[in-house]
Each structure stands twice: as C-alpha cells, then as structure tokens.
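J.: prediction below, plus the sequence it came from.
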Amino acid sequence: MAEEVSCLKARLMEKEKEIVALKNKLALEKNSWIDLQLQEKVTTLPPLKRKAALSNEDIMRYSRQLILPEFGVQGQLNLSQTSVLVVGCGGLGCPLAQYLAAAGIGRVGLLDYDEVELSNLHRQVLHGEDSQGQAKAQSAAHAVRRLNSTVECIPYHLQLSPENALQLIQQYDIVADCSDNVPTRYLVNDACVLSGKPLVSASALRMEGQLTVYNYRGGPCYRCLYPKPPPPEMVTNCSDGGILGVVPGIMGCFQALEVLKIASGQGSSCGQQLLMFDAQNAKFRSIRLRSKQATCDACGENPTVTHLVNYEKFCGSAATDKCRRLNLLSKDQRLTVQEYKSIVDNTAAHLLLDVRPLVEVDICHLPTSLNIPLSSLEDRKSEHIRVLKERIGRVKEQMSNESQVPGKMTDNRSPSSYTGHNTQWLFSS
Ligand SMILES: Nc1ncnc2c1ncn2[C@@H]1O[C@H](COP(=O)(O)OP(=O)(O)OP(=O)(O)O)[C@@H](O)[C@H]1O
Ligand SMILES: [Zn+2]
C-alpha cells in the first residue's frame, strides 16, 4: 500500500513538472508573438503588482535559491516586488540583466540608445548575430523574456539625459550603472542622490574591473569620491583600450549579486567599499572607501546640485563614445593616403614611422613602415632609438645620392625639417 502511494506521488510530481514545462513553452510562444513595446520616451509605469505568496511554479523555478537560509521565501517575494533600471545594455548590462531575470526580479528597465554591432558580440552576451542593427534595449529585452517570461521587462531605446533621468530613475527601486562614459556616470549619480536610490556601479577595461554601491545606507555617492571629473584625455574606453569579454561579464555578475542582495533584503556590503578585480593575476581586492563627505556637492550638508545640469559641459566630454574628440595636426602637417602612395610609387627617400602600439600594428600595417611605439620614443636610451638613428642615416644617405643624380631635386635642408612632396618624415598614430 505504502509503495503504491509513493509511486503515485512520484507520478504526480512528474506530471506537475510536465505541466510547468508546457506552460513555459506556451508563454515563450506567446512572447515571440507579442512584440516588446520599445519605449522611445519615458512614460509613467503602473506600480508593480504585490505578491502575497509564491506560486507552485515560483517554488519550482526558484527552489535552489529559496532553500538558502540567507534568501528564503521572503527574499524571493522581495525580489518579485523590486524594480531595477539597467543603464546601458553592453558588456556589463547584459550579464547583469540576465542574472536579474533568471533570479526573478519583478521589473527590469533596459536602457540603451545604441544598436547592436558585430564587435559587441564577444562580450554583450544577450545579443546574437541576428540582432545586429537592432536596438540593444530591444534585443536584450527579447533575450530576457526568453529566459524568464514572468519578469516584467521595459526596453528603452533612448539616451539617459538631464531631461529624462529623474522621471525614469524615480520609477525604479535600484539603479545599475553599466554605462561607459564619465558624463553619464555623474548624471546617474546625481539623479540617484536626488531621488534617494541606491546605485550599483561597475566598470571594466582591458583586464581590470571595479565595483561600488553608491548612495546606499548613508554611504558616499560618486561625487563624494570623485568631486571633479578626470581630464577627458585621461579617459580610455573599450574601443581604444581593448577588453577581454569575460572581464565585464564577471563585473556584471557582481553587479547582479549586489542588486539581488539589496533587493532580497540581505543588503550589500559594498556601500563604502571598492571591489577591484585583476583578471591578469586572478585576484580580487577590496578597499574601504572614505565615508560620505559633508562638503559633497550632491549629497553633502549644503548641496549645490539641486537639479540635473549639463554633464557634457561639466566633464568636457561627450556622453557617448560615438564622437571622439581628436587632436589633429594642422592640414599642412598631415598627409593623405594618396599623397603617401605617390611618395612610395616615386621611390622617394623617406621614413614612415608608425608610432602605434604593437598590437595595432599586428592587426595591419604598411610594409614600408618602421614601428616604434610612442611610449618607446620617449626613452632616448632605448634600442628603438638606435634603430631609428640608423634608419635616419640611411635616408640621409639616399637623399644625398639622389641630389647628385642629374635632373633630381636638390635639397639642403635636414630631413626632419623637410615637408615637401618628394622626401617625407611620416608619422602615423
Ligand atoms: N547616456 C546613456 N544612455 C543610454 N545608454 C548609454 C548611455 N551611455 C552609455 N550607454 C550605453 O552603455 C553601453 C556601454 O557598454 P559597452 O561599453 O560595453 O558598449 P559599446 O559602447 O557598444 O562598446 P564599444 O565602445 O566597443 O562600441 C553601450 O551600449 C552604450 O550605448
Ligand atoms: Zn556625495
């Protein structure tokens, strides 16, 4: 008899699992038909529906995290009643949104003004080859929906700006900064201070990452630590500095962890702490940060930031990495590719010095060039300088030979001062 009962129970459980799988499949099918409404401007969202208890389906889906004593049923319920705004659906935003959705966050706002490009795919793991050209917010929202259709997902295809930031941020409980430029970091910070929202902020570049939670439980805000923006020329981005995809992946997962801890009620311990990840040496370090500053312009005792300002002006740089500020030489100091080709075709004596870093030269370079990275040029004693002097000597010799050939142009100026057409000192960077 007992054997029959346990057999029936097992069969019942099997059937229940089947029902859940079928329901999920149905939801997925439905979702692929319902196009997620892409928000191109900020609208007012209805409050999140309160859940009194977890459904059987919730219990099954989240069973492995529910049994954690630190989390429990209440933690899961808290998650389902929390909304998170993800600013930027790139290298950090993708893994963050993925884990928030998988864990059962109530509502996730996915904000990005950009479209998916091929060079994004190595790290922006919610987007696929078929989403190239699509709005990142839309592509990320579809991936999130596929993963967990019970999460309310709001894609915003727009740029966070001083005009819309407060209206947007006020509608969410937690904000995650996954952007890649300094003006947006100050903007998000100030909007979070003015709206009283915790800000889970991370960054990643090359083989390093950092994470801090700002404006949380009396801790410092971004401005408490960085009252003044860095000079624009000191800021490097991923397209210039490079990045290994897994590094923002790890930092985005860390952001998800801290968001989930705050949302579930456990709380974050990164409120006055900077977590640093060194991917090269596989090391994490954590340093205690200075506390909230009474003199802080945003969260101090007499704040001067009482409304959002022009952050591009404040930082002296653009709030996107699309338009770079280039420090170009004047036109008469530059050379077009056609002009250079004619120098090569005329076999004129010249030296093409390529001062880019070796990794860029490895991608492509002209066979006639001599590569000495700019950093090595500064070291007068380096082997590179010896090679350079030797090559200059050869060019001088060639030039003096040319000047003795009847009919060839004669030039007494030193090669370095020569800016005419036949003989050139060329630098590329
Ligand atoms: N003010 C902003 N409003 C909305 N999205 C923003 C804002 N600032 C930055 N972003 C978005 O944040 C994301 C940052 O991610 P990431 O640096 O990995 O991507 P990327 O800019 O596409 O990279 P790459 O520099 O290689 O082109 C980008 O998708 C960018 O469009
Ligand atoms: Zn502050």
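T.: Sure, I can see it. Ligands and ions are numbered 1, 2, ... in the order given.
J.: got the residues of the protein near ligand 1?
T.: Within the chain, the residues that sit near ligand 1 (Cβ under 6 Å from any ligand atom) are 88-91, 111-114, 119-120, 124, 136, 159-160, 179-181, 184, 237-239, 319, 321. Every residue, glycine included, has its C-beta placed from N, CA and C.
J.: got a PyMOL select line for the buried ones in those residues?
T.: Buried subset of the residues of the chain next to ligand 1, written as a PyMOL selection, criterion 16 or more other Cβ atoms under 10 Å:
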select buried, resi 88+89+90+91+111+112+113+114+120+124+136+160+179+180+181+184+238+319+321
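J.: same question for stretch 4-21, mean pLDDT?
T.: When pLDDT is averaged along stretch 4-21, the result is 88.
J.: who touches it?
T.: Identification of contacts with stretch 4-21 by Cβ atoms under 8 Å, 6 or more residues apart in numbering yields Asn56, Glu57, Met60, Arg61.
J.: can you pull the buried residues of the helix or strand encompassing the second one?
T.: With elements taken from DSSP states H and E, the one containing Glu57 is helix 56-61. Residues Asp58, Arg61 are the ones in helix 56-61 that count as buried (16+ other Cβ under 10 Å).
J.: give me the contact list for it.
T.: For helix 56-61, contacts defined as Cβ under 8 Å, 6+ apart pick out Glu16, Lys17, Val20, Lys23, Leu66, Gln76, Ser80, Gly104, Asn148, Thr150.
J.: with respect to Thr304, which of these is nearest?
T.: Ser80 (38.9 Å; Cβ to Cβ).
J.: show the contacting residues for the closest one.
T.: Contacts of Ser80 by Cβ under 8 Å, 6+ apart are Lys51, Asp58, Gly104, Ile105, Gly106.
J.: repeat that with 10 Å
T.: The neighbours of Ser80, taking Cβ atoms under 10 Å, 6 or more residues apart in numbering as the test, are 48-51, 54, 58, 62, 103-107, 150-152, 263.
J.: how much space between it and Gly106?
T.: When distance is defined by Cβ to Cβ, to the nearest Å, Ser80 is 5 Å away from Gly106.
J.: what touches both of the two?
T.: Residues within reach of Ser80 and of Gly106 at once, by Cβ under 10 Å, 6+ apart, are Leu48, Lys49, Arg50, Lys51, Thr150, Val151, Glu152, Ala263.
J.: most neighbours, which of the residues you listed?
T.: Within these, most neighbours by other Cβ atoms under 10 Å means Ala263, with 25 neighbours.
J.: I'd say that one and Gln74 touch.
T.: No: in this structure Ala263 lies outside contact range of Gln74 using Cβ atoms under 10 Å: 11.8 Å.
J.: what about the stretch 251-400 of the chain, any weak spots by pLDDT?
T.: Within the stretch 251-400 of the chain, the ranges that satisfy pLDDT under 70 run 322-326.
J.: look up how far Gly109 lies from Leu48.
T.: Leu48 is 12 Å from Gly109, where distance means Cβ to Cβ.
J.: name the residues contacting each of the two.
T.: Contacts common to Leu48 and Gly109, judged by Cβ under 10 Å, 6+ apart, are Ser83, Glu152.
J.: what comes up buried for stretch 356-364?
T.: So, applying 16+ other Cβ under 10 Å, buried residues of stretch 356-364: Arg356, Val361.
J.: could you tell me which residues of this structure lie near ligand 2?
T.: Residues of the chain lying close to ligand 2 by Cβ under 5 Å from the ion are Cys221, Arg223, Cys224, Cys296, Ala298, Cys299.
J.: okay, now the last one: neighbour count?
T.: For Cys299, the tally of surrounding residues (other Cβ under 10 Å) stands at 25.
J.: what sits against the closest residue to ligand 2 within the stretch 1-150 of the chain?
T.: For the stretch 1-150 of the chain and ligand 2, the shortest gap (Cβ to the ion) falls at Val87, measuring 18.6 Å. Val87 sits next to 93, 109-112, 156, 160, 165, 168-169, 175-179, 184-185, 187-188, 191, 199, 201 when contact means Cβ under 10 Å, 6+ apart.
J.: inside strands: which ones of the residues you listed?
T.: Gly109, Leu110, Leu111, Tyr156, Val175, Ala176, Asp177, Leu199, Ser201 (DSSP state E).
J.: by neighbours, which of these wins?
T.: Leu110 (34 neighbours).
J.: quick check: pLDDT value at that one.
T.: Leu110 is given a pLDDT of 98.
J.: pick out the residue of this structure closest to ligand 1.
T.: Gly90 (2.0 Å; Cβ to the nearest ligand atom).
J.: how many other residues sit next to the closest residue to Gly196 other than its chain neighbours?
T.: Distances taken as Cβ to Cβ, 6 or more residues apart in numbering put Asn215 closest to Gly196, at 7.7 Å, once the chain neighbours are dropped. Using other Cβ under 10 Å, Asn215 is surrounded by 27 other residues.
J.: kindly report the same for the one 3 residues further on.
T.: Each residue near Gly218 was counted by other Cβ under 10 Å, and the total is 10.
J.: separation between it and Gly245?
T.: For Gly218, the distance to Gly245 - Cβ to Cβ - is 36 Å.
J.: ok, Ser286 next?
T.: In terms of Cβ to Cβ, Ser286 sits 24 Å off from Gly245.
J.: more neighbours: which of these two?
T.: The neighbour comparison of Ser286 against Gly245 (other Cβ under 10 Å) goes to Gly245, with 15 against 12.
J.: rewinding a little: so which of the contacts of stretch 4-21 comes closest to Leu257?
T.: Nearest to Leu257, judged by Cβ to Cβ, of the contacts of stretch 4-21 is Arg61 at 19.1 Å.
J.: can you pull the pLDDT of the closest one?
T.: On the pLDDT scale, Arg61 is placed at 97.
J.: domain boundaries for the protein, per the record?
T.: 33-315, 331-385 (the TED database).
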